[in-house]
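In: Below are the sequence and a predicted model; questions follow.
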Amino acid sequence: MKTLDTLDLAEKRVFMRVDFNVPLDKQRRVTDDLRIQAVLPSIRKVVDAGGRLILASHLGRPKGKVAEDFSLKPVGEYLSRILGKPVQMAPDCIGAAVEALVSKLQGGEILLLENLRFHAEEEKNDDAFSRQLAALADVYVNDAFAVSHRAHASVHGITRHVPLCAAGYQLENEIKYFHQAMEAPQRPLTMIIGGAKVSSKIGVLENLLSKADHLIIGGAMANTFLKVQGKNVGKSLVEDDHMETATNLLERAKQKGVKVYLPVDAVVAPKLESGTAIKEVDIDNVPSSDLILDVGPKTIEIFKSVLKNSKTIVWNGPLGAFETPPFHKGTFSVAEFLGSLDALTVIGGGDSAAAVRQAGAADKVSYVSTGGGAFLELLEGKTLPGIAALEECSQRS
Ligand code: 3PG
């Protein structure tokens, strides 16, 4: 695959697909800039090389309609502040006005296009729309790992119509770390899988059975596994229609020699609310009136001892209701612990990435992926259409 380092960028119109789908608060201020920070190296590279940089992104799901609430303007302002450099905002992502702005763009200048999803054609991977985007570019760069699981026009269709394609630094990093962790791992490889639902992670768990040595299961999804083992999980979230799936997964893990670790104790409370009375109980003593909201201290110690002896660790999904203290402790202790290890530690998925950052461990782990759905699809063993299209284009161009 071509990379930014292999191209002559001076004076070229560089169309860079980024994922600026970042959370904004009610005042439309950026509240988590992981995805913006992640593409700064590629942005700086193009600017320093004298390229004419055109940034393109989606924000939210405006369903093909123009809506001020989904404008990328606040992101452009934020980017301009952290770069210490003007970022011009285009009124749209295609059309005569945009073409005029692009033609006036000088080497080293940046233009941010308006939300691609204001046009329904983006998500339809429409060919005419892809061509209009491609017409803005001498070079196409994908630095948007987090949306590379979508076969959309700016990620997929565009690659058929641009003269040159390359991967940005962030995309390169995502692929590199994922490969090191999942395709050529130093063993033992331990996977930590958490989050609310088994149903959203079946594909991941299936795929991991042929990759991992140890599988740590936490979060509300552990409840379904505990229930199939005959435990009383009180009022906790359980997916009764996935009990059979959970039973099969445990059986197959045993056949394949994958050691599964489930919580042995839990933090429980009658409701999910800060300040509510909590109890730490063994998993055999969960009161029928309570919910399991976090892993308990004994579980944390067991999980740590497994992690300590692992050479590679991949984590997706929180271990408890970490957004509501005090139910953050299990997730945060594991995040901090990962930061103290020498192992290759790769964290992915919106919640786990946010938890690692909140726990202050983001700079201490090996890599925090910017992907949510894209990271999950890689864990499921899928090929991402955006990456496949980029590879094809990069070979052709
Ligand atoms: C994400 O936040 O996972 C990506 O930006 C993709 O967004 P989407 O799920 O709306 O396609």
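Out: Cool, the structure landed.

In: neighbours around the closest residue to the ligand within the stretch 251-397 of the chain, how many?
Out: As assessed by Cβ to the nearest ligand atom, the ligand sits closest to Gly372 within the stretch 251-397 of the chain, at 3.6 Å. Glycine gets a C-beta too; all of them are placed from N, C-alpha and C. Gly372: 20 surrounding residues under other Cβ atoms under 10 Å.

In: tell me the pLDDT at it?
Out: At Gly372, the pLDDT value in this model is 94.

In: again with Ser397
Out: On the pLDDT scale, Ser397 gets 82.

In: so what's it up against?
Out: 2, 162-165 (Cβ atoms under 8 Å, 6 or more residues apart in numbering).

In: how close does it get to Gly76?
Out: Ser397 is 29 Å from Gly76, where distance means Cβ to Cβ, to the nearest Å.

In: cool, and Asp48?
Out: 20 Å.

In: Of the two, which one has the most company?
Out: Neighbour count, other Cβ under 10 Å: between Asp48 and Gly76, Gly76 has more, with 23 against 10.

In: That one contacts Ala90, correct?
Out: No. Here Gly76 lies out of contact with Ala90, judged by Cβ atoms under 8 Å, at a distance of 9.2 Å.

In: which residues do these two both contact?
Out: With Cβ under 8 Å, 6+ apart, Gly76 and Ala90 have common neighbours Leu112.

In: Following the record's annotation, map out the domains of this protein.
Out: The record's domain parsing of the chain by automatic domain parsing lists 4-167+384-396, 175-365.

In: Run a quick neighbour tally on the residue lying closest to Gly296 once chain neighbours are set aside.
Out: Distances taken as Cβ to Cβ, 6 or more residues apart in numbering put Asp265 closest to Gly296, at 3.1 Å, once the chain neighbours are dropped. The number of residues packed near Asp265 is 22, by other Cβ under 10 Å.

In: for Asp265, what are its contacts?
Out: Here Asp265 is in contact with 280-283, 295-299 (Cβ under 8 Å, 6+ apart).

In: quick one: least confident helix or strand in the protein?
Out: Across the helices and strands of the chain, mean pLDDT, DSSP states H and E gives its lowest value to helix 350-358, namely a mean of 93.

In: So is that helix next to the ligand?
Out: No. Judged by Cβ under 6 Å from any ligand atom, helix 350-358 stays clear of the ligand, getting no closer than 6.9 Å.

In: got a list of contacts for that helix?
Out: 32, 34, 194-195, 315-318, 322, 328, 331-332, 335, 338-339, 347, 362, 365, 368-370, 372.

In: number of nearby residues for the nearest residue to Lys235 once chain neighbours are set aside?
Out: Of all residues beyond its chain neighbours, the one nearest Lys235 is Leu291 (5.1 Å), with distances taken as Cβ to Cβ, 6+ apart. Leu291 is flanked by 23 other residues according to other Cβ under 10 Å.

In: Repeat that for Ala269.
Out: Using other Cβ under 10 Å, the number of residues around Ala269 comes to 22.

In: Centre of the chain to stretch 141-153, how far?
Out: 12 Å (Cα atoms, centre = their mean, to the nearest Å).

In: What of stretch 227-245?
Out: Centre to centre, stretch against its chain (Cα atoms, centre = their mean), the figure for stretch 227-245 is 28 Å.

In: end-to-end on it?
Out: Taking Cα to Cα, to the nearest Å, stretch 227-245 runs 12 Å from one end to the other.

In: Next, the buried residues of it.
Out: 227-228, 231, 233-234, 236-239, 242, 245 (16 or more other Cβ atoms under 10 Å).

In: which residues in the stretch 1-150 of the chain form strands?
Out: 13-18, 52-56, 88-89, 110-112, 139-143 (DSSP state E, counting those that start in this stretch).

In: which residues are contacting the first one?
Out: If I follow you right, that is strand 13-18. By Cβ under 8 Å, 6+ apart, the residues outside strand 13-18 that reach it are 35, 39, 42-43, 46, 51-57, 102, 105, 133-134, 136-144, 147, 154-155, 158, 162, 168.

In: Please list which of these also come close to the ligand.
Out: Taking Cβ under 6 Å from any ligand atom as the test, the ligand is in contact with Val147 out of the contacts of strand 13-18.
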